[in-house]
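fold the following and give me the result.
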Amino acid sequence: MSSGPGADSAPAPSTHESPPTPDTARAKSSMFSSLRVRNYRLFFSGQVVSNIGTWMQRIAQDWLVLSLTGSATAVGVTTALQFLPMLLFGLYGGVLVDRLPKRRTLLFTQSSMGLIGLALATLTLSGHVQVWHVYLAAFAAGLATVMDNPARQSFVSEMVGPDQLQNAVSLNSANFQSARLVGPAVAGLMITGVGTGWAFLFNGLSFVAPITGLLLMKARELHVVERAPRAKGQLREGLQYVAGRPDLMWTIVLVGFIGTFGFNFPVYLSAFADDVFHAGAGSYSLFNTLMAVGSLGGALLAARRGTAKMRVMIAAAVAFGAMELAAAAAPSLWLFALLMAPIGMFGMTVNVTANTGIQMSTDPAMRGRVLALYMMVFLGGSPVGAPIAGWVTDAYGVRAGLAVGGAISAVAAVTIGLILARVGNLRLSVGWNRGHPHVRFEPREQREKLAAVA
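Now for the predicted structure:
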């Protein structure tokens, strides 16, 4: 990502941030290098436990609503209530995060989500739970997420500094994807063995881990960021900041297209399992597991790279769309299942590269607002895109639905790549290097000089 339009990689963030600590200065570029920073190690360890609890609560919450109502629509309402606050208040959450100290904000949001889990556990274990209790808990958790998401994302740079930001963001994604593999499995065993209430209890108690990590951090080792003062028009200021930065604006637009049209896997995978391959719930679980494995691999590969490059994000987005087109035409269940891994890997590469690039090239005083817009576009895409994907699937078949999503993602990536290249005065270079093909963008002036010499 770049500070200027169309450049290949991101520079260090603004000088508002303090110099790197000795921990980050010694850290070499490796897959787990950011874990050498003590504060980030505490944060990461707490998130390991908390993310597993969050995935357990998601599974238990849906199962409880289905058990209470027998209605799949009620499950959809629960999910919608959880994401609704982000759509309504996400940008305002970013404004508050830019004004407030991130560590204290996270202590508040993490404590709130822990109390929500404990309240739901108490109601369920006592036998007094009703569906409106679950609705209220989902909405309350969504409200906490409005500030927790941008605060958690932007706090990473304060823990590790610019040198380790790419690695830390990638490891956060790997952490979340690992929990995605473990949490649902543990939740299934717990729900079957002792009931949903205990899954809620585990989630509520799991927030003790990140809260403890935040309390044990050494404030003097944080990379202090100047907070935005309270003032009128800060929301508009954030939107104008993004509008004046083509690299940020088009990155968010690309993520919006992919999140809206490419990430509707709950619609596609269940339909492929039942309607196309007639294989039932087992194959649906297999598809999700392989996609999670691919996503984990993509996050770890991103952690190994030292910088967040625009060309990597564009190439991964094109590959993501192409893999979806291939999966839409897959003739057999096993070929379709195998394609889930690269789809997960390329999708995660787009997400991590976009997230890291935005953080590295955004002024620290604006970071909360820009990340809130990014998260709102990415997470808000599914409620918009899912009905469209469902309509195309019902009208023309699930293969057509997945193909349309893949085609839109690939075309959007190519188009935005060309726009950024034009804005940045770059041109596409295709050739051979030591017997291997290479495709990259290079400055027009450099190409013209080479032509003049030739």
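
so where's the protein uncertain?
Along the chain, the model assigns pLDDT under 70 to residues 1-29, 72-73, 76, 226-229, 231, 280-281, 306-308, 380, 382-383, 424-454.

closest to the centroid, which residue in it?
For the chain, the residue sitting closest to the mean C-alpha position, by CA atoms, centre = their mean, is N351 at 5.6 Å.

let me see the contact set for that one.
Contacts for N351 (CB atoms under 8 Å, 6 or more residues apart in numbering) come out as S173, V255, F378. All C-beta spots, glycine's among them, are computed from the backbone N, C-alpha and C.

apply 10 Å and report the result again.
Taking CB atoms under 10 Å, 6 or more residues apart in numbering, we find N351 in contact with 169-170, 173, 255, 258-259, 263, 295, 298-299, 302, 313, 316, 320, 374, 378.

in helices, which of the residues you listed fall?
The helices, defined by DSSP state H, take in 169-170, 173, 255, 295, 298-299, 302, 313, 316, 320, 374, 378 from the contacts of N351.

now flag whichever of these is closest to A407.
Nearest to A407 among the ones in helices among the contacts of N351 is F320, at 11.5 Å by CB to CB.

hey, which helix is longest across the chain?
Ranked by residue count, the top helix of the chain under DSSP H comes out as helix 38-69.

does S30 belong to a helix or a strand, and which?
For S30, there is no helix or strand it lies in under DSSP states H and E.

and the nearest residue to it once chain neighbours are set aside, its phi and psi?
Spatially, and ignoring its direct neighbours in sequence, S30 is nearest to R304 (7.2 Å; CB to CB, 6 or more residues apart in numbering). When read as degrees, to the nearest 10, the backbone of R304 gives phi -80, psi -20.

give the contact list for R304.
R304 sits next to S29, S30, M31, F32, S33, Q166, N167, S170 when contact means CB under 10 Å, 6+ apart.

now for the residues you listed, which pair is the farthest apart?
Spatially, the most separated pair among the contacts of R304 is F32 and Q166, at 12.8 Å (CB to CB).

how far off helix 38-69 does the helix or strand hosting R180 point, in degrees?
In this structure, R180 sits in helix 165-193 according to DSSP H and E. Calculated by axes from the mean of the first three to the mean of the last three CA atoms, to 10 degrees, helix 165-193 forms an angle of 30 degrees with helix 38-69.

centre of the chain versus the helix or strand where Q82 lies, how much separation?
Q82 is part of helix 72-99 when elements are defined by DSSP H and E. Counting by CA atoms, centre = their mean, to the nearest Å, helix 72-99 is centred 15 Å from the centre of its parent chain.

can you give me the buried ones in it?
Across helix 72-99, burial judged by 16 or more other CB atoms under 10 Å covers 74-75, 77-79, 81-87, 89-91, 93-99.

please tell me how far L420 sits from A317.
12 Å (CB to CB, to the nearest Å).

comparing the two, which residue is more hemmed in?
Per other CB atoms under 10 Å, whichever of L420 and A317 has more neighbours is A317, with 28 against 25.

relative to M313, how far out is the closest residue to the more buried one other than its chain neighbours?
Spatial nearest neighbour of A317, excluding adjacent residues (CB to CB, 6+ apart): A413 at 3.4 Å. Distance, A413 to M313, by CB to CB: 8 Å.

give me the common contacts of the two.
Common neighbours of A413 and M313 (CB under 10 Å, 6+ apart) are L254, V350.

show me what the helix or strand harbouring the residue nearest to A317 is packed against.
Following DSSP H and E, the helix or strand that holds A413 is helix 398-423. In terms of contacts (3 or more CB pairs under 10 Å, 6 or more residues apart in numbering; DSSP states H and E), helix 398-423 is packed against helix 246-257, helix 265-271, helix 310-328, helix 333-361, helix 367-396, strand 426-433, strand 436-443.

kindly export the shortest one (C-alpha atoms) in CSV.
Put plainly, it is helix 265-271. Output of helix 265-271 as CSV, limited to C-alpha atoms (Å, rounded to 0.1, in the frame of the first residue of the first chain):
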residue,chain,number,x,y,z
PHE,A,265,-20.3,-18.6,1.1
PRO,A,266,-23.1,-19.5,3.5
VAL,A,267,-25.5,-19.2,0.5
TYR,A,268,-23.3,-21.0,-2.0
LEU,A,269,-21.7,-23.8,0.1
SER,A,270,-24.9,-25.1,1.6
ALA,A,271,-26.6,-25.1,-1.9
